[in-house]
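S.K.: Build me a model:
(chains A and B)
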Amino acid sequence: MGVGTAEQVIASSIVTASPAARAALRVRLAGLLYVTPAVLWVLVFFFAPVLIMAGYSFLPLDANGELGSVGTGDYRAFFAQGAYLGALWNSIVTTAIVVACSSLLAYPFAYGIARLVAPRFQRIALAAAILPFWTSYVVRSYAWLLALSPTGVINYTLRSLRLIDHPLILAYNPHATELGFIHFFIMLNTLTIYANLVQINPRYALAAQDLGASKWWGFLTVTLPLSVPGIAVGAFLTIVLCIGDYVTPQILGGFRELLLPQLIMMQIQRQLDLPMASAMSLILTVVVAMAYLAMQRWLKMARL
Amino acid sequence: MMSGFTRNCGSAIAYGYMALCYAFIFLPVAVLVLFSFQGGDLPVPPFNGPSLRWYAAAFADSRLVDGFGNSLVVALLSSALSVVTGFLAAYGMARHEFPGKPALQAVIILPLAVSYLLVGMGLLVAASASGFRPGLWIVVIGHVVINMPLAFAICHAQLGEHQRKIELAARDLGASTIRVLLTITVPIIAPALIAAFCLCFTLSWDEFIIAFLNTRFDVTLPVVIWSLLRGGLNPVTNAAGSFIFLFSVVLIVAVEALLLRKRRS
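M.R.: Next up, the predicted model:
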């Protein structure tokens, strides 16, 4: 359905011009009128800027740091440089690890809330499970730094218990980044998986058991397949939010293995190279779009 | 056959696992809040408090207070704009038929599926290409982009058939469109509007990357905290972070209460 159809409809309504048709037209135009501010806002302040950005990504800077002539130089530079490709690879691997760990850890947790907790306490159990969600985004990574630092709570406890002599180096490495991410995304995935599980009637699994399936077999063949949409929505949100995040790796990750968003920010802040930063942002977006296409089947089944 | 013993073991493991999850989820927040009351100079053990000195220091820091004010203005403005435009779009979608509806709905919803980095980068490049200087107003625009789809989705879910009949009744009795909208539709879904507003508010209030990319001198609270982090571990950051946490939780509890009341009625 495009603009063409809209014009045809309006034109034919005007030609026929019976009072009923005119009233119908008015209702249609009114509907468009209500929708216009929102659509315009997204078009002007999201689509247009991203298009301008896409245009910039094809204007690589010349030797003087000015916008050069049109070309794919920045994209070729990206795919030719080991450091850039390495950052993209790190981002993809980190995101994959985070998605896998947070789904796997969140599923039994969400299942416990949905099936073990009495129904009237479930909302409270869920609210408690996602309460730290509402700490400030920047502060959350900082809070992990407090726990992980050489003098922090974890090292202090281990040393008081005489389990270690020297503090463990827990922060400023890729695992600290993964930990920070997994902490946040366990909460998110618990929410989406729970929202899906409560829609699945527990009697389905019981019916499978009545028909001779073991408890585990009933779960694996009935409940788990039905809860795939919840897992998929959580996983997709995790991919979107994780792969584009700059704060968590910057605070927790140290400087040895950089992720793509960190490189993007370096292009902006240190190299003042907006075209390269634009190209990198678009590459990141293409990765997310590919993930969406791969997961589309399950995402469409979700009704949260 | 499952004996009582193995069943008990099973549920002990299940409850134990849940307890571990809660512990993991709460660990950083507990550390953050506990050491905001630290008496000493560093937010690490041993704890010698409680003391409010770092809260006093946070409230005396003009950057933090200015950032707080800026964040408040940005969040209020962007949430108001998000809810008004999102509600109008939801009303149009729920009550009217027009060509291109699915496509327009997809356009409105799309910003939900992209990372904030893309929104922030787009605005940064577009502003610099068209000669606009960075500023808080660009942050307001960006926050409406990310929050309006959310307000739209919340309102759209609440505009059911039930209210439609009441609206038609009011119209049959001679009320104008605007009057129906303001005296019937808005009051009926007011809890959803307030909930959407509060949700947009907390998300805007907490948003970092768009604000970081598109401001220079007047900055929002998360950007101020970001610059504090360069100084390393500092109890002032704990105090500011704990205060923001409390602020957000109060808002979220308000939302929950509103939505719960709505569900009961």
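
S.K.: Spatially nearest residue to residue B:229 (excluding sequence neighbours)?
M.R.: Ranked by Cβ to Cβ, 6 or more residues apart in numbering or on different chains and with sequence neighbours excluded, the top spatial neighbour of residue B:229 is residue A:142, at 5.9 Å. Every C-beta, even on glycine, is put in place using the N, C-alpha and C of the backbone.

S.K.: give me the element the one you found is part of.
M.R.: Per DSSP states H and E, residue A:142 falls inside helix A:137-148.

S.K.: Please put the alpha-carbon coordinates of that helix into CSV.
M.R.: This file holds the C-alpha atoms of helix A:137-148, laid out as CSV (Å, rounded to 0.1, in the frame of the first residue of the first chain):
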residue,chain,number,x,y,z
TYR,A,137,22.7,2.8,33.0
VAL,A,138,26.1,4.4,33.6
VAL,A,139,26.0,3.7,37.3
ARG,A,140,25.3,0.0,36.8
SER,A,141,28.6,-0.7,35.2
TYR,A,142,30.3,1.4,37.8
ALA,A,143,28.7,-0.7,40.5
TRP,A,144,30.2,-3.8,39.0
LEU,A,145,33.6,-2.1,39.0
LEU,A,146,33.1,-1.5,42.8
ALA,A,147,32.4,-5.2,43.3
LEU,A,148,35.2,-6.4,41.0
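
S.K.: just checking, residue B:116 touches residue A:246?
M.R.: No. If you go by Cβ atoms under 8 Å, residue B:116 and residue A:246 don't touch, sitting 9.4 Å apart.

S.K.: Identify the contacts common to these two.
M.R.: residue B:209 (Cβ atoms under 8 Å, 6 or more residues apart in numbering or on different chains).

S.K.: Please tell me how far the residue nearest the centre of chain A sits from residue A:115.
M.R.: The centroid of chain A falls nearest to residue A:240 when counting by Cα atoms, centre = their mean (2.5 Å). Applying Cβ to Cβ, to the nearest Å, the value for residue A:240 to residue A:115 is 29 Å.

S.K.: ditto for residue A:241
M.R.: In this view, residue A:241 and residue A:115 are 28 Å apart by Cβ to Cβ.

S.K.: More neighbours: the two, which one.
M.R.: Shown here are residue A:241 and residue A:115; by other Cβ atoms under 10 Å in any protein chain shown, residue A:241 has more neighbours (19 against 15).

S.K.: and the helix or strand hosting the more buried one, how far from the chain's centre?
M.R.: Assigned by DSSP H and E, residue A:241 belongs to helix A:228-243. Helix A:228-243 has its C-alpha centroid displaced from the chain centroid by 6 Å (Cα atoms, centre = their mean, to the nearest Å).

S.K.: With stretch B:86-102 instead?
M.R.: Its chain's C-alpha centre and that of stretch B:86-102 lie 24 Å apart, by Cα atoms, centre = their mean.

S.K.: Distance check, residue B:155 against chain A.
M.R.: Distance, residue B:155 to chain A, by Cβ to the nearest Cβ, to the nearest Å: 11 Å.

S.K.: what's near enough to touch that residue?
M.R.: For residue B:155, the contact set (Cβ under 8 Å, 6+ apart) comprises B:83, B:86-87, B:90-91, B:189, B:192-193, B:196.
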